[in-house]
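Asks: Take a look and give me a structure for this.
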Amino acid sequence: MLEIAENGRTWVLSGPASSYAVHLTEDDELLHLHWGPAIALADAEELAARPLPVGSSFESPLDGREEYPVEGGPRFARPALSVRTPGRRGTEWTFERYDTEGDELRLRFRDTGLAITLHYRLRGDVVERWTSLGNDGAEALELLRADSAVWTLPEREGWQLSQLHGRWAAESRLVRSDLTYGEKVIGSRRGHTGHQHLPWVALDTDATEERGEVYGCALGWSGSWRIAVAQLPDARVQITGGAGYEDSGLLLLAPGESFTTPVFAGLWSDAGFGGASRTWHDYQRTYVIPDADQDRPVLYNSWEATQFDISEEQQETLAQRAAALGVELFVVDDGWFGKRTSDRAGLGDWTPNPDRFPAGLKPLADRVHALGMQFGIWVEPEMVNADSDLYRAHPDWVQYQEGRKRTEFRNQLVLNLAREDVQEYLWEQLDGLLSSAPIDYVKWDFNRCFTDAGWPGDAYPQRLWVDHVRALYALFDRLRAAHPGVAFESCSGGGGRIDLGILSRTDQVWTSDNTDPLDRLAIQHGFSQIHPARVMAAWVTDSPNTQLNNRVSSLRFRFVSAMAGVLGVGGDLSEWTEEELAEARRWVDLYKEIRPLVQHGDLHRLRPPSGGLSAVQYVRGDETVVLALLQAQHYGEPVPALRLRGLDPTVSYECLETGEVHRGAVLLHHGLRTGLRGDLDATVIRLRRI
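Replies: Okay, here's the model as predicted:
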């Protein structure tokens with residue numbers, strides 16, 4: 001709901017539990033009024049009537065109170081907007097008008113030839129904010145910085161900052177720390193979202209998992225980005241964020257051109273970190289993720305079984321075994337195209353290898369479909385090997401700095417997707433591929449960061465950082481429109497490209513290349529702070545885990561760990577025993593029974609993965625399921641009890657595993673003790689309302 005004051009200078013957006021309010025002063029200063037529990041328009045007008053404090057020559061009364069601080073004028077806080085024009089720097093804007101379209105509020109400002117529009121939209125209790133900039137003057141404008149939004153928190157003592165940090169194979173690890181004076185900056189300078197940080201932060205003063213106020217912000221951008229959390233000298237806190245990392249140049253807007261920033265979404269919750277997570281999950285399933293109401297299938301991926309040594313016959317044999325397990329989607333990974341017998345060749349040549357697939361992919365896809373499964377493939381379109389037909393024909397199509405050595409990671413270079421000829425080539429290749437065979441699923445990888453991000457000959461080469469991502473989004477949009485039955489997974493060496501922007505165009509994400517079931521508990525715990533299980537791909541692979549750490553774990557532990565998201569199998573099924581295959585079939589069948597709860601239900605993190613018992617609970621309608629994993633038992637201590645959440649305390653629930661009847665928010669005890677028998681053990685407990 002949007003309420004507007006009679007004078008048209010105070011605006012209040014209200015959701016089911018929260019409100020967001022801003023006010024424009026008579027001097028055209030846009031001030032933040034409120035973000036938190038729901039308030040009425042009259043309350044916002046009372047806040048707007050309060051005068052600003054008197055500043056000094058060393059302090060600005062605007063700092064920490066402005067809704068979108070720009071560079072220049074009587075302010076010292078980090079600017080969200082930094083613009084350069086010939087002979088002039090900074091912005092001195094004036095308010096033009098506001099307008100609405102549907103549930104969107106637009107506040108329009110102008111500074112000579114620069115049109116600035118701040119956009120607001122409420123999705124449940126998530127506020128979406130973004131900014132659009134247009135050059136309708138006669139001279140070019142350079143955008144050094146154009147943040148999506150600035151978030152202002154109420155005055156409190158003892159703020160704590162939560163963030164997700166990591167590296168390859170150790171992504172999305174949650175850390176909480178005291179917020180101190182100055183700035184805490186996270187982001188990526190790598191050209192993609194990055195393994196090092198997810199673009200999300202949360203702040204609280206005393207919240208627990210289920211109680212207390214939490215403020216969260218998440219950026220929807222899949223390239224380089226920056227979020228800065230600043231505690232200002234007067235203890236106020238502001239959060240700025242947007243595309244690009246450095247302030248050395250974002251885009252050059254010629255007359256008539258415009259730029260729209262990515263969405264920077266924010267929410268307030270008084271139900272603790274768990275409540276904030278459930279709000280984020282519901283928001284993404286409702287407004288962000290394509291076809292989120294559909295179940296994601298159980299998949300099998302052939303990579304760990306075959307790596308580059310693949311053939312049509314071998315893939316068909318694996319497909320037969322996968323189908324016998326109840327797998328619903330069979331995916332051929334790297335090695336099916338060009339001269340791709342190792343990671344040294346073939347990227348860029350997206351046609352089936354004639355020695356391995358003499359008649360293309362269609363015969364294998366048809367046989368996979370005949371087995372009752374969908375068919376998927378792996379691609380890495382934004383990359384090219386020097387040993388490829390594409391690179392030999394177009395060496396200038398990659399990012400490079402003239403006169404400098406072209407850096408190769410994983411023996412590959414990055415295509416300059418900002419170029420229109422590269423965009424058209426990839427469209428023709430991928431559209432042709434998806435038209436050549438009945439392909440249902442594409443695993444889209446991105447296995448190296450930008451290093452030599454140059455574009456010799458272009459008038460403003462640094463634009464490739466932004467234009468690469470815009471072109472990527474456009475390519476996804478074009479492919480989805482032309483092939484609406486194809487699902488896409490975002491992969492970037494694991495969790496290197498996970499954000500609200502890519503999730504608006506893909507059906508799931510590859511959470512991490514680390515498939516060790518014990519390591520995955522912490523990765524998945526962090527991931528769940530912001531993103532839902534509906535998009536979190538997780539595989540059961542072989543034991544010992546020779547890909548990473550050689551840890552030995554039971555099939556039971558591996559399956560229960562992976563069942564917390566979108567279940568997949570990635571082991572070498574040709575080496576599994578008949579007993580293992582039979583047990584795997586039982587786990588796949590069980591997952592299909594609980595899948596609606598896991599992928600569409602409300603998540604409750606009962607115990608974090610801190611060394612002993614870890615447990616997550618999913619609630620949907622009259623049913624709930626608990627996935628409990630015992631990492632280690634010490635000194636013969638009993639398995640601790642679990643208090644369930646999200647259930648009706650006035651009714652009874654039957655445990656389907658033990659037949660016990662529990663009342664409401666019960667302590668699960670007997671079922672845990674009988675189901676967990678030692679280190680690296682796991683169990684699934686289902687309850688149904690009776």
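Asks: What residues does the residue lying closest to P53 once chain neighbours are set aside make contact with?
Replies: Among residues not flanking P53 along the chain, P61 sits closest, at 5.1 Å (C-beta to C-beta, 6 or more residues apart in numbering). For glycine as for every other residue, the C-beta is placed from the backbone atoms N, C-alpha and C. When contacts are counted by C-beta atoms under 8 Å, 6 or more residues apart in numbering, P61 touches L52, P53, V54, G55.
Asks: Just confirm P61 is within a strand.
Replies: No. Applying DSSP: H, G, I helix; E, B strand; the rest coil, one finds P61 to be coil, outside a strand.
Asks: looking at this structure, which helix or strand does the model trust least?
Replies: helix 670-675 (a mean of 73; mean pLDDT, DSSP states H and E).
Asks: where do the helices sit along the stretch 501-650 of the chain?
Replies: 517-527, 555-562, 578-600 (DSSP state H, counting those that start in this stretch).
Asks: Which one of those lies nearest to L479?
Replies: Across the helices of the stretch 501-650 of the chain, L479 has its closest neighbour in helix 578-600 (23.8 Å, C-beta to C-beta).
Asks: Off-centre distance for that closest one?
Replies: Distance of helix 578-600 from the chain centroid (C-alpha atoms, centre = their mean, to the nearest Å) equals 26 Å.
Asks: do the same with stretch 440-449
Replies: Distance, centroid of stretch 440-449 to centroid of chain: 15 Å (C-alpha atoms, centre = their mean).
Asks: Quick one: end-to-end distance for that stretch.
Replies: End-to-end span of stretch 440-449 (C-alpha to C-alpha, to the nearest Å): 28 Å.
Asks: Repeat that for stretch 641-654.
Replies: First-to-last residue span, stretch 641-654, C-alpha to C-alpha: 17 Å.
Asks: pLDDT averaged over that stretch - what is it?
Replies: Averaging pLDDT along stretch 641-654 yields 90.
Asks: residues touching the residue sitting nearest the centre point of the chain, list them.
Replies: Nearest residue to the geometric centre of the chain (C-alpha atoms, centre = their mean): D499, 2.7 Å. Shown in contact with D499 (C-beta under 8 Å, 6+ apart): T193, L198, P199, A218, L219, G220, W221, S222, W225.
Asks: As TSV, these with distance to T541, secondary structure and neighbour count would be great.
Replies: Below are those laid out as TSV (distance: C-beta to C-beta, whole Å; DSSP: H, G, I helix; E, B strand; the rest coil; neighbours: other C-beta atoms under 10 Å):
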residue	distance to T541	secondary structure	neighbour count
T193	24	coil	28
L198	24	strand	27
P199	28	strand	29
A218	30	strand	25
L219	32	strand	28
G220	31	coil	22
W221	31	coil	27
S222	27	coil	34
W225	31	strand	29
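Asks: now the strands: where do they sit in the stretch 401-550 of the chain?
Replies: With DSSP state E, counting those that start in this stretch as the criterion, the stretch 401-550 of the chain has strands at 412-414, 441-444, 487-490, 508-510, 536-540.
Asks: which one of the ones you listed lies closest to A319?
Replies: A319 lies closest to strand 441-444 among the strands of the stretch 401-550 of the chain, at 13.7 Å (C-beta to C-beta).
Asks: pLDDT weak spots in the stretch 101-250 of the chain?
Replies: Applying pLDDT under 70 to the stretch 101-250 of the chain picks out residues 247.
Asks: can you map out the helices along it?
Replies: Going by DSSP H, counting those that start in this stretch, the stretch 101-250 of the chain shows no helices.
Asks: Please enumerate the strands of it.
Replies: For the stretch 101-250 of the chain, applying DSSP E, counting those that start in this stretch gives strands covering 104-111, 114-123, 126-135, 141-146, 149-153, 160-165, 173-178, 182-188, 197-204, 214-219, 225-231, 237-243.
Asks: Just send the strands of the stretch 401-550 of the chain back as CSV, with distance to W35 and mean pLDDT too.
Replies: Shown next, in CSV, are the strands of the stretch 401-550 of the chain (distance: least, C-beta to C-beta, whole Å; pLDDT from 0 to 100):
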stretch, distance to W35, mean pLDDT
strand 412-414, 39, 97
strand 441-444, 36, 98
strand 487-490, 30, 98
strand 508-510, 29, 98
strand 536-540, 29, 98
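Asks: how about those, which one is nearest G376?
Replies: Of all the strands of the stretch 401-550 of the chain, strand 441-444 comes closest under C-beta to C-beta, at 3.1 Å.
Asks: contacts for the closest one?
Replies: With C-beta under 8 Å, 6+ apart as the criterion, strand 441-444 contacts 299, 301, 329, 331, 333, 374-381, 434, 486-491, 506, 510.
Asks: ok, and for stretch 678-689, which residues are buried?
Replies: Residues of stretch 678-689 classed as buried: L680, D681, A682, T683, V684, I685, R686, L687 (neighbour count, 16 or more other C-beta atoms under 10 Å).
Asks: if we can go back for a sec, ramachandran coordinates for the closest residue to the residue nearest to the centre of the chain other than its chain neighbours?
Replies: What sits nearest to D499 in space, not counting adjacent residues and going by C-beta to C-beta, 6+ apart, is T193, at 4.8 Å. Backbone torsions of T193, given as degrees, to the nearest 10, read phi -50, psi -40.
Asks: Now do the same contact list for T193.
Replies: Applying C-beta under 8 Å, 6+ apart, the residues near T193 are P199, W221, S222, G223, W225, S492, G496, R497, I498, D499, I502.
Asks: ok, back up a step: make a markdown table out of the strands of the stretch 401-550 of the chain and add mean neighbour count and distance to I186.
Replies: Below are these laid out as a markdown table (neighbours: other C-beta atoms under 10 Å; distance: least, C-beta to C-beta, whole Å):
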| stretch | mean neighbour count | distance to I186 |
| --- | --- | --- |
| strand 412-414 | 26 | 23 |
| strand 441-444 | 24 | 25 |
| strand 487-490 | 24 | 20 |
| strand 508-510 | 25 | 19 |
| strand 536-540 | 25 | 21 |
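Asks: Output those strands in TSV, with distance to E428 appended to each entry.
Replies: Below are these laid out as TSV (distance: least, C-beta to C-beta, whole Å):
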stretch	distance to E428
strand 412-414	19
strand 441-444	16
strand 487-490	18
strand 508-510	26
strand 536-540	29
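Asks: Tell me what the spatially closest residue to L347 that is not a sequence neighbour is bridged to.
Replies: Excluding the flanking residues, the one nearest L347 by C-beta to C-beta, 6+ apart is N385, at 4.3 Å. Counting by DSSP bridges, N385 forms beta bridges with Q412.
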